[in-house]
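K.L.:
generate coordinates for the sequence data below:
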Amino acid sequence: MTRLVIAEHDNTEIKASTLHALAAARQVGKPVHVLVAGHQASQVATAASKLEGVEKVLHADADYLAAGLAENVAPTVTALAPAYSHLIFPATAFGKNVAPRVTAKLGAGQISDVTAVISEDTFERPIYAGNAITTVQSLDDVKVLTVRLAAFAATSSDGGNAAVEQVSAGGDTGLSSLVSRELTQLERPELTAAKVIVSGGRGLGSGEQYKAVLEPLADKLQAALGASRAAVDAGYVPNDYQVGQTGKIVAPDVYIAVGISGAIQHLAGMKDSKTIIAINKDAEAPIFSVADVGLVGDLFEAVPQLVSKLSA
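P.N.:
Numbers count the residues shown, from 1 in each chain. The predicted structure is shown next:
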């Protein structure tokens, strides 16, 4: 049967998370369809039709789908579910919000945070903060998955030529409405999409030191800024900087951990990075166990020296 990817978008642009979910869907099998549920989002549907490997785009348009609220998106997905063998969501705030509602309505068992596809009904996912990988088999008629973005390389955004088909929206449940939305405006790359991330921990000592030490390095590398939970809890930076099990899961080309000891919750969020560079004065810090390059030393001396070398 066919696989359905539920697209994440803002009614204007399709989110990169959709391209990762699509890559996972193609590993499960073909054909693959994409659902765009929104309002006046025809340009998103057109963009989805051009994604590599997509055979059909389903476009559900209604004003109550504009905000992407799970209470209204889920009925649309559920109504389409019987025609599909797999419903595949990105493991983002959007996917984690909608998928459980769909799963409950279908009476199925959700497989969350999939990191590998073994077969059409068997998948791998991390447990115990990533310290173990479990293999899960689903015998449900419709399998509901959320996929970890870092585990699947994004599908190409062009090369496809799929048909766009209008489908009925599931109806307004009236259970929720969007009052307002405040978006963080970033001058740097977004954490989950950045190729280079510079992260700081409690070892920086204060929010002022975080900015003074890490921002020049991030500027030189055109990198996103991240932080450990300890740094966020201490008030150095806002919680949308947090990398880890209870923050954002990232897998950039380069991850630079400065003053981060490497608690298991933090490692779960970044250990899939291609190259990990750690700077810490404690030679026994757990971060060094996953680092490709490690420097034992005073970060207040090492980082400015690194910035100076990059400026030369």
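K.L.:
next helix or strand past the helix or strand that contains Ala25?
P.N.:
For Ala25, the element it lies in under DSSP states H and E is helix 16-28. Downstream of helix 16-28, the first helix or strand assigned by DSSP H and E is strand 32-38.
K.L.:
neighbours around Gly107, how many?
P.N.:
Using other CB atoms under 10 Å, Gly107 has 9 neighbouring residues. (Glycine included, C-beta is placed from N, CA and C.)
K.L.:
would Ile260 count as being in a strand?
P.N.:
No. Looking at Ile260 with DSSP: H, G, I helix; E, B strand; the rest coil, it is coil, so not inside a strand.
K.L.:
so where's the protein shaky on pLDDT?
P.N.:
184, 186, 312 (pLDDT under 70).
K.L.:
now do the helices in the stretch 201-312 of the chain.
P.N.:
Secondary structure of the stretch 201-312 of the chain (DSSP state H, counting those that start in this stretch): helices located at 207-221, 229-233, 264-270, 299-311.
K.L.:
quick check, Ser112 in contact with Ile127.
P.N.:
No. The pair Ser112 / Ile127 is not scored as a contact, 10.2 Å apart, by CB atoms under 8 Å.
K.L.:
between those two, who's got more neighbours?
P.N.:
Ser112 (20 against 11).
K.L.:
what's opposite Ile88 in the beta bridge?
P.N.:
Assessed by DSSP bridges, Ile88 has beta-bridge partners Val5, Leu145.
K.L.:
for the helices of the stretch 201-312 of the chain, which one sits closest to Val179?
P.N.:
helix 229-233 (25.7 Å; CB to CB).
K.L.:
which residues sit against that closest one?
P.N.:
Applying CB atoms under 8 Å, 6 or more residues apart in numbering, the contact partners of helix 229-233 are 200-202, 204, 210, 237-239, 241-242, 244, 246-247, 260-261, 263, 265-266.
K.L.:
skipping adjacent residues, who's closest to Tyr255 in space?
P.N.:
Ser273 (3.8 Å; CB to CB, 6 or more residues apart in numbering).
K.L.:
rewinding a little: just the buried subset of the contacts of helix 229-233, please.
P.N.:
200-202, 204, 210, 237, 241-242, 244, 247, 260-261, 263, 265-266 (16 or more other CB atoms under 10 Å).
K.L.:
wait, the residue nearest to Tyr255 sits on Ile256?
P.N.:
No. The criterion here is CB under 8 Å, and Ser273 misses it with Ile256 at 9.5 Å.
K.L.:
what sits in contact with each of those two?
P.N.:
Joint contacts of Ser273 and Ile256 (CB under 8 Å, 6+ apart) are Ile197.
K.L.:
between those two, which one's more packed in?
P.N.:
Higher neighbour count among Ser273 and Ile256: Ile256, with 27 against 23, using other CB under 10 Å.
K.L.:
hang on, the earlier thing: between the buried ones among the contacts of helix 229-233, which sits nearest Val293?
P.N.:
Nearest to Val293 among the buried ones among the contacts of helix 229-233: Ile260, at 14.2 Å, using CB to CB.
K.L.:
picking up where we left off before, output the contacting helices and strands for the helix holding Ala25.
P.N.:
Contacts defined by 3 or more CB pairs under 8 Å, 6 or more residues apart in numbering; DSSP states H and E place helix 16-28 against strand 2-6, strand 32-38, strand 84-90, helix 93-106, strand 116-119, strand 143-147.
K.L.:
got the angle between it and strand 143-147?
P.N.:
If you take axes from the mean of the first three to the mean of the last three CA atoms, to 10 degrees, helix 16-28 sits at 130 degrees to strand 143-147.
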